[in-house]
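Undergrad: Following is a predicted model, sequence given first.
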Amino acid sequence: MTKPKHSRFDCSPGCAVEAAISLIDGKWKSVVLYHLLDGTLRFNELRRQIPGVTQRMLTNQLRELEDDGLIERKVYAQVPPKVEYSLSPLGRSIEPILLALKDWGDTNIERFSKQQSTQTAA
């Protein structure tokens with residue numbers, strides 16, 4: 001009988017790891033959270049910082065992050081409307097995780113690029 005790889009973790013369905021990952025799972029959620037680490041941003045400021053994201057996708061990701069309590073949306077009663085997004089205290093608590101993911105990605109990005117180009121060529 002083989003020993004489980006990660007015997008120190010109990011990660012059956014519904015575990016804390018699965019729950020945490022599900023909050024930032026989404027094509028752009030972690031990127032949005034990362035950009036909000038620098039402070040409050042308006043919708044178009046976020047969109048400019050994330051090339052490739054569509055308006056609809058960014059809107060959906062922001063709504064989900066707000067529904068999950070990771071970001072706060074502040075609407076100002078003015079014309080034209082002004083809406084700002086910022087990290088909530090819960091969202092701010094993810095900062096060390098996002099920074100660790102970025103560091104890990106920076107360290108390993110060449111490996112990913114090589115694997116992708118190998119798979120594309122095959």
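TA: That came through fine.
Undergrad: what comes up buried for the helix or strand bottoming out on mean pLDDT in the chain?
TA: One helix or strand of the chain scores below all others by mean pLDDT, DSSP states H and E: helix 95-121, with a mean of 83. With burial defined by 16 or more other C-beta atoms under 10 Å, the residues of helix 95-121 counted as buried are Leu98. The C-beta positions use only the backbone N, C-alpha and C, and glycine is treated the same way.
Undergrad: Just give me the neighbour total for the closest residue to Val83 other than its chain neighbours.
TA: Excluding the flanking residues, the one nearest Val83 by C-beta to C-beta, 6 or more residues apart in numbering is Val75, at 5.2 Å. For Val75, the count of nearby residues is 9 (other C-beta atoms under 10 Å).
Undergrad: Please apply the same query to Gln78.
TA: Neighbour tally, Gln78, other C-beta under 10 Å: 7.
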